[in-house]
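**Q** 3D, please:
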Amino acid sequence: MEESSGGQYHMDMNSHVRKVIGSRTFLVKNNLDAEEACQRISLSHNQVQTFQFSSPNCPLLSTLLLNDNDRLQEIPDSFFKNMTRLRVLDLSSTSITSLPSSISCLCELQLLKLQSCHKLEGLPTFLKYMRKLEILDLHQTALTKMLEASFYNMQSLRRLDISGACNLRRLSLQGCRSLMTLANLDKLSKLEALDLSGTKLEVLPHQIFSLTSMQCLDLLAMEHLKTGGRKDRYGRFKRNQFLYQHIYTQSEQSLSYERGLEVCGGNNSLDGVRGVLSMAKFFHLYGNASIMALSNLGMEMDNLKECWIEKCHQLELLFVGRMADIDAAVCLENLRVSDLAKLITVRRGKLGRGGFACLKHIYLECCPKLINFFSSSIRLQNLELVEIKFCCRLEKVFEEDSEVGQNAFP
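**A** Here you go, the predicted structure:
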């Protein structure tokens, strides 16, 4: 920190704050004495306990640093009422237990730092209406009373660290289309539901795979997702309910499964979900514009019981057999295929006889290029229902094989 005339100071800011402020340095004032023309104020490390004004008049203020005042326990409820141009607010390492309601007046706020606020119990619900907020730092802030957090449709939010929320069960970031960084997820040991739908994440954070309490993971409309980073650590994933139901009028309602994965949209190969898919019992792929074969996701689908594939217009086949002793989809019971413009066949090549042995229900709809269902017969001892609609070029559903013969069907 360098001293200048008048007892004022300049200090270097970290990279994230500098991007918002637009300058490498900023002016430090030592009080809040109704400085109407002041634009940047710092009271950092000043042992502040209370404020002389409950609602200071700072209409031009853009940056306010109150961090590292561990004696500061409460901020007056109307404190931010006259700071409508504030863009940077740092309350890190204070002893506040809650945020004042007047923080909702900060419509221009872009950066909010609440790091190491150990007594802060939760966040106000109106925080999600701060549409210009880009960076929210809650690192090492316990938020002990907050079980759910929703940042729904905060379209400017691009960096979030909520790792201190030790009791957080549900976290929704749906519609945060600028979000590119989600830090320290592995600290959320009690997290059960995470919705990343519509975010700009390019890499699925590897920490997700260590969250052993996870029950629900939504990755819908993640067009930028490319890879999952580390692939050597995967935890358990569970799912009790799914977003798509009653698509087929005559089909039974899907059962509830312990582990499931739904992926909607995208123009990539979905390498980042292979680890989750290897343990999933339910898989729903909707609207992917890249995958040509479901097997491209890997043959690690040993636990899969139900599979729905819809509107994947590059998909030509589902399963490819490369070795005769490999069993495909050994646990699969329900297969639902709909609106696949290029699908020619479901399975190509030889697989082990255990493949599809548990298959009970088959649903085919709107596959105009589908010629045959299986390229060779398999043992379908548990088959109960086959439903086919609008597959105009279908020639054969099952092709008879002399080796299997009549034993292929129940």
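**Q** and Pro127, how many neighbours does it have?
**A** If you look again at residue 127, you'll see it is Leu, not Pro. Other residues lying near Leu127 total 19 when counted by other Cβ atoms under 10 Å. In short, each C-beta sits where N, CA and C put it, glycine included.
**Q** isn't there a helix covering it?
**A** Yes. Under DSSP: H, G, I helix; E, B strand; the rest coil, Leu127 falls within a helix.
**Q** got a list of what it touches?
**A** Applying Cβ atoms under 8 Å, 6 or more residues apart in numbering to Leu127 gives the contacts 99, 103, 133, 151.
**Q** so what's the residue count around the second one?
**A** The number of residues packed around Ile103, counting by other Cβ under 10 Å, is 23.
**Q** just Gln52 next, same as before
**A** Every residue meeting other Cβ under 10 Å relative to Gln52 is counted, giving 9.
**Q** check the residue nearest to Cys312 when sequence neighbours are not counted and give its pLDDT.
**A** Among residues not flanking Cys312 along the chain, Asn288 sits closest, at 4.7 Å (Cβ to Cβ, 6 or more residues apart in numbering). pLDDT, Asn288: 82.
**Q** same deal with Leu340?
**A** 90.
**Q** surely it meets His313?
**A** Yes. Leu340 is within contact range of His313, at 7.0 Å (criterion: Cβ atoms under 8 Å).
**Q** more crowded one of these two?
**A** Higher neighbour count among Leu340 and His313: Leu340, with 26 against 12, using other Cβ under 10 Å.
**Q** without its sequence neighbours, what residue ends up closest to Ile103?
**A** Nearest one to Ile103, counting by Cβ to Cβ, 6+ apart, is Phe80 at 5.3 Å.
**Q** that neighbour contacts Glu108, correct?
**A** No. Look at Phe80 against Glu108 with Cβ under 8 Å: they stay out of range, at 11.3 Å.
**Q** overlap in contacts of these two?
**A** Listed as contacting both Phe80 and Glu108 by Cβ under 8 Å, 6+ apart are Leu86.
**Q** more neighbours: which of the two?
**A** Using other Cβ under 10 Å, the more surrounded residue of Phe80 and Glu108 is Phe80, with 25 against 16.
**Q** I'd say the residue nearest to Cys312 and Val263 touch.
**A** Yes. Applying Cβ under 8 Å, one finds Asn288 in contact with Val263, separated by 6.9 Å.
**Q** secondary structure class for Gln207?
**A** helix.
**Q** report how many residues lie close to it.
**A** 19.
**Q** go on, Gln49?
**A** By other Cβ under 10 Å, neighbour count at Gln49 equals 12.
**Q** got the contact list for the closest residue in space to it that isn't next to it in sequence?
**A** Ranked by Cβ to Cβ, 6+ apart and with sequence neighbours excluded, the top spatial neighbour of Gln49 is Arg71, at 4.6 Å. Applying Cβ under 8 Å, 6+ apart, we find Arg71 in contact with 47-49, 95.
**Q** what about Arg71, distance to Thr97?
**A** 13 Å (Cβ to Cβ, to the nearest Å).
**Q** now do the helices in the protein.
**A** Under the criterion DSSP state H, helices of the chain are mapped to 15-21, 274-277.
**Q** among the ones you listed, show the one with the smallest mean pLDDT.
**A** Taking the mean pLDDT of the helices of the chain, helix 15-21 comes last: a mean of 46.
**Q** how much space separates Ile96 from Leu173?
**A** For Ile96, the distance to Leu173 - Cβ to Cβ - is 25 Å.
**Q** what about the two, which has more around it?
**A** When neighbours are counted by other Cβ under 10 Å, Leu173 comes out ahead of the other of Ile96 and Leu173, with 25 against 19.
**Q** now the more buried one: phi and psi?
**A** As for Leu173, its main-chain torsions (degrees, to the nearest 10) stand at phi -120, psi 20.
**Q** residues in contact with it?
**A** 151-152, 157, 160, 179, 182, 194-197, 199.
**Q** Asn288 and Val263: which is more packed in?
**A** Val263 (24 against 21).
**Q** so where is this protein shaky, pLDDT-wise?
**A** Residue ranges of the chain with pLDDT under 70: 1-36, 226-258, 266-275, 298-301, 320-328, 348-354, 374-378, 398-410.
**Q** ranges for the strands of the stretch 201-350 of the chain?
**A** Using DSSP state E, counting those that start in this stretch, the strands of the stretch 201-350 of the chain run over 216-220, 260-264, 282-286, 306-310, 317-320, 334-338, 345-348.
**Q** would you turn those strands into a markdown table with distance to His361?
**A** Shown next, in a markdown table, are the strands of the stretch 201-350 of the chain (distance: least, Cβ to Cβ, whole Å):
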| stretch | distance to His361 |
| --- | --- |
| strand 216-220 | 25 |
| strand 260-264 | 17 |
| strand 282-286 | 14 |
| strand 306-310 | 9 |
| strand 317-320 | 15 |
| strand 334-338 | 5 |
| strand 345-348 | 14 |
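**Q** nearest to Tyr129, of the ones you listed?
**A** strand 216-220 (21.9 Å; Cβ to Cβ).
**Q** what lines up beside that closest one in the sheet?
**A** strand 193-195 (parallel), strand 260-264 (parallel) (DSSP bridges).
**Q** quick one: distance of it to the chain centre.
**A** Chain-centre distance of strand 216-220: 6 Å, with Cα atoms, centre = their mean, to the nearest Å.
**Q** what's the answer for stretch 72-86, then?
**A** 32 Å.
**Q** and it, which residues are buried?
**A** 72, 75, 79-83, 86 (16 or more other Cβ atoms under 10 Å).
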